[in-house]
Structure formats: C-alpha cells, structure tokens
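Engineer: Got a predicted structure plus its sequence, pasted below:
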Amino acid sequence: MIKYVSTRGGIPPVTFDEAVLQGFAADGGLFVPESIPMVTPEQFISWVDLDYPDLAFELLSLFIDRSIIPANDLKQLLDNSYKSFEHPDVIGFVPLGDEGRTYIMELFHGPTLSFKDVAMGFLINILDYLLQQRKEHLSIVLATTGDTGPAAAWASAGKETIDCWPLYPRGMISEEQERQMTTLNAANVHPVGVENCADGGDDLDFVVAKLFSDEELKKRLNLSSVNSINWCRVMVQAVHYFYGYYRVVDKIGDEIIFSVPSGAFGNLFGGYLARSMGLPVNTFICANNVNQALHTAFSEGVFAKKDLVQTLSSAIDIVVPYNFWRFLYFSSGSDGEKIRSWMDEFKQNGKVELDPQILATAQKGFTSISISDARTSETIREVFHGNDGYLLDPHSAVAVAAANALKDRLPEKLKIVCLATAHPAKFPEITRACLDSGADLPEQGKHASLERASKVCQHLRLCDLENLEFALIDAMTEAPD
Ligand SMILES: Cc1ncc(COP(=O)(O)O)c(C=O)c1O
C-alpha cells in the first residue's frame, strides 16, 4: 500500500486518506509519497487517447489504494469534478506564433476561471466523500493570492461536511476574484478580507500555519487545509502535464518543454512529479515575476525570503514558495533530516544555501527566469495585436514571455507548452491598461459569470491582519456546522 511521509521526516507513514484529511503533517512538514510511482512504458503508450477524467483515473490510481477509494467511486468523483468545466475536453490548446513550436495550454475553463479548479474540485469532492464515510465535519482555512480562494469556495458551496474560510489580502487581488468568493450565497462559505498584509498571501500563510501548529485548536475546530500544502492538489496537478504532452507532441517518446508561471511551486511540483513518473520532459521553465525566490534558488543555489513586490501577475506574488520544500526533499534523496534543518534555518534567518550536490540535482531539467511587469504587458500587447490575436492574462503572459526569452537556448525541435493559468476576464483593469483600450474590453476579456457577480450583493467578513488569529477563532467557534 502506498504510504505518505512528512518532508521533515518526523511522523510515522500515513495512508492517502489521512494525508488528505490532515493537510499539514503534524511535525510541520508537507506530505509526500514514500516513493514516486512509475508509469510503465506500456501504460504510457496505452493512455494516449484517454479523455481527461479517464487519464486522471489511471494516474491517480497509482497514488490512491483501492481499499481507500474503490475504482468506481474514484471514477465517479473524477467525472463529477470535471463536468462543470466549460471546455468539452476540460483543457484547451491553442498554437501560438507560426513556427508550430509553441502552444498555450488553457487550464482555466473551470467554474472560477483559473487552473486551481483543475485540482480543487476533485480535492473537495474527495474530502466530502471521506468525511461522509466517517460522519465527520471539517473547517477548511486557506490563504489565497486570488485564485485558490474562489476555487475552494465554489467547490465547497453547499457541501454539508465542510465549512470553507478563504482568507485574502484585501486590495491585493482583483475585484473580480474577490467577487467570485463573496457572491456565492452559500451558508458554508465564509470569505475574510484581511487588511494590512504587507507580505500579501504570505502574511496569511503565516497565520494559517500558526493555527495548524496548535494541535488542541486544530482538533477542537476540525481544521484542515486545501492550499497546495495539501498533497492531493499537487498530485492532481501532475495530470495536465501528461494530458498536454499527449495532445501536443508529434510522436510519443519525443521530449517536451513546459513553461510555468510559478508562485508557490505547486503547479510546477506537479510537473516534476509527472517527469519523475516517466513523462519525457526535457526542460521546465520556472517563470517568476520579480518576486523571484524560485529563480534565485535555481540560478544561484540560494533559497531566500525577500520583501514582496506587488506586480501585475498578483497570484504569483509569493515570498515563500512552500512547495519547494517538497522538491528539495526529493532532490536531497528523501533526506527528511536535511529538510528539517533547512526549514528551521529558513524560519530563523529567512535563507538557506543549497549544498552544491543537491543544487546540481535540483537544476537537472529546470531553467528559470524573472519577468518584469513591463515585459508582461508588452507580451499581452504583442500577442493580442500580432497574428495570433490572442488575449493572455498576466500570469499566462509571464509564461509566454519566459518561453520567448529562453527558447533559443533550448533544443530547437522540441515543442514548448506555456501554461495559461487564468482567464483574462479575471483581470479587466490590467487588460485595459496593457492594450490601451480605454473602457472597451475585447470579447475574449469578458466572461458572463463575472458580469453576473459584478451586479449582486457581496457577503464577507473584514478583519485587520493584527487581529486575524483571534478573529478567526472567534468566528469559527460561532459559525454553525
Ligand atoms: C493564475 C495563477 N497562475 C499561477 C499560479 C502559480 O501556481 P503555484 O502557486 O502553484 O506556483 C497561481 C497560484 O496562485 C495562479 O493563481
């Protein structure tokens, strides 16, 4: 049976359901599988024509024992998770430029128009399934930089087993993202707008981590997390790399390149997982904005916390990309002791220097870059006004700008897939500013669900960061379950 351990090596192995229900490992680490399962060459070839839910079924079956979720139930959970997607294939592909080399992989066709829907709907459905079996209830607390919150709120709405508390840094996400959370009208969804978050989502992550480190409180309030701290999220995010590969390569076995706009490294960890399972990825481009903790780690071997800079691609304004610990865990040969000492050092000094050998392992098949806001807006403008006539959101533009900047240094014949992680309609102000289009938005920059949300009442709680911990505990104690 596949078991899950902590990156800090401080807990006995647990089963998949325990890892998912707990979110954080009790020793403050992140759950990872004891070893990463491999896809056999026969399986790899036989899955080429599967649709998205069926491919997800095959891949996730390698991580979830049948004794925990029987095959039929897993199939049903996956079908339910993807039936609300607008695109008939769940994910769309658009060629970019005329060289036939670059593709956009549109991951934003779910109900809240970001790639978070791809994994969140399934995670919430699994939680609901496990909680119903156990006759239990959970309060999900999560910090969001703009997209995780809406995805979790939407997926949780109306579920009797779950109360969902999305926390967001007020004024640092778009109005559209805020309204996706605050206009749901579901009694079990409680968005909290938090004022004065100098470090944005990282300030909120800190409070969430503090709540979770208090075992008594965690038990009393039945807390769990659905941030990409939760193993299930990153695991499901391995699927779109396989799916993208099958849709884009000329022949199975060819290598491929993915360019990924990266914040907390959850999406890119999904890619790393896919490659570790056998997907022939030549290079991952880790595309940061100027909050470049990942780029600095890959290029200089220093993993360090810097002050937050607010950018156009706000969902990747991340100071501490916590999934990088998972990656370092595997890069260090599953050395929990090493990760524990690094995590402690990082907490104390805001910085760790990677050993040359671990850095060399981590760098294999990765390249990285930091993209300025000026380059992001130029990319939005160029791609829209050029032959493609395609409107990118600022995060997808970071991926495209990164691919454009680095492609001449990468093997010429390989296809490059840029991950489009959000629908441009979530960022109308930025679109207007980049295209210099005054009040007019192109049709591609609109979405009916957001137009509706702009007209209805909002339900939210407001709180200052200073009081967040107290205010949350108070509100959660009050909320009916
Ligand atoms: C639109 C968008 N793009 C990219 C990312 C980055 O993903 P990750 O944090 O998994 O690196 C996020 C996550 O917050 C996002 O919302």
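Structural biologist: Structure received. Numbering: from 1, shown residues only.
Engineer: Can you identify the element that follows whichever strand or helix holds Ser449 toward the C-terminus?
Structural biologist: With secondary structure defined by DSSP states H and E, Ser449 is part of helix 448-453. For helix 448-453, the following helix or strand on the C-terminal side (DSSP H and E) is strand 461-464.
Engineer: Return the alpha-carbon coordinates of that next one using CSV.
Structural biologist: Output for strand 461-464, consisting of C-alpha atoms alone and laid out as CSV, is shown next (Å, rounded to 0.1, in the frame of the first residue of the first chain):
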residue,chain,number,x,y,z
ARG,A,461,-16.1,39.5,6.9
LEU,A,462,-13.4,42.1,7.2
CYS,A,463,-10.5,42.0,9.6
ASP,A,464,-7.1,43.5,10.3
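Engineer: Which SSE is immediately downstream of that strand?
Structural biologist: Tracing the chain C-terminally past strand 461-464 and defining elements by DSSP H and E, one meets helix 468-478 next.
Engineer: helices and strands around that next one, which ones?
Structural biologist: Here helix 468-478 is seen to pack against strand 138-143, strand 162-169, strand 192-195, helix 201-213, strand 461-464 when contacts are counted using 3 or more C-beta pairs under 8 Å, 6 or more residues apart in numbering; DSSP states H and E. C-beta coordinates here come from the backbone N, C-alpha and C atoms, glycine included.
Engineer: Pull the longest one out as CSV, backbone CA atoms only.
Structural biologist: Coordinates of the C-alpha atoms in helix 201-213 are reproduced here as CSV (Å, rounded to 0.1, in the frame of the first residue of the first chain):
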residue,chain,number,x,y,z
GLY,A,201,-0.7,36.0,0.9
ASP,A,202,2.5,35.1,2.8
ASP,A,203,1.2,37.0,5.8
LEU,A,204,-1.9,34.9,5.7
ASP,A,205,0.0,31.7,5.2
PHE,A,206,1.9,32.5,8.4
VAL,A,207,-1.4,32.8,10.4
VAL,A,208,-2.8,29.7,8.9
ALA,A,209,0.4,27.8,9.7
LYS,A,210,0.2,29.1,13.3
LEU,A,211,-3.4,27.9,13.7
PHE,A,212,-2.4,24.5,12.4
SER,A,213,0.6,24.2,14.7
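Engineer: can you list contacts of it?
Structural biologist: Outside of helix 201-213, the residues within contact range by C-beta atoms under 8 Å, 6 or more residues apart in numbering are 23-24, 28, 141-145, 167-169, 172, 194, 197, 199, 217-218, 223, 225, 227, 308, 317-320, 322, 465, 468-469, 472-473.
Engineer: Among these, which ones lie close to the ligand?
Structural biologist: Restricting the contacts of helix 201-213 to those adjacent to the ligand (criterion: C-beta under 6 Å from any ligand atom) gives Thr145.
Engineer: How about the residues of the stretch 51-200 of the chain by the ligand?
Structural biologist: 114, 116, 145-148.
Engineer: Which of these has the largest number of neighbours?
Structural biologist: Using other C-beta atoms under 10 Å as the neighbour definition, these reach their maximum at Lys116, which records 32 neighbours.
Engineer: so who does that one touch?
Structural biologist: If you count contacts by C-beta under 8 Å, 6+ apart, then Lys116 has 110, 147-148, 150-152 around it.
Engineer: Serialize these to JSON lines and add fields for distance to Lys3 and secondary structure.
Structural biologist: Written out in JSON lines, the entries for these read as follows (distance: C-beta to C-beta, whole Å; DSSP: H, G, I helix; E, B strand; the rest coil):
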{"residue": "Gly110", "distance to Lys3": "31", "secondary structure": "coil"}
{"residue": "Asp147", "distance to Lys3": "31", "secondary structure": "coil"}
{"residue": "Thr148", "distance to Lys3": "27", "secondary structure": "helix"}
{"residue": "Pro150", "distance to Lys3": "33", "secondary structure": "helix"}
{"residue": "Ala151", "distance to Lys3": "28", "secondary structure": "helix"}
{"residue": "Ala152", "distance to Lys3": "26", "secondary structure": "helix"}
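Engineer: Done for today, thanks.
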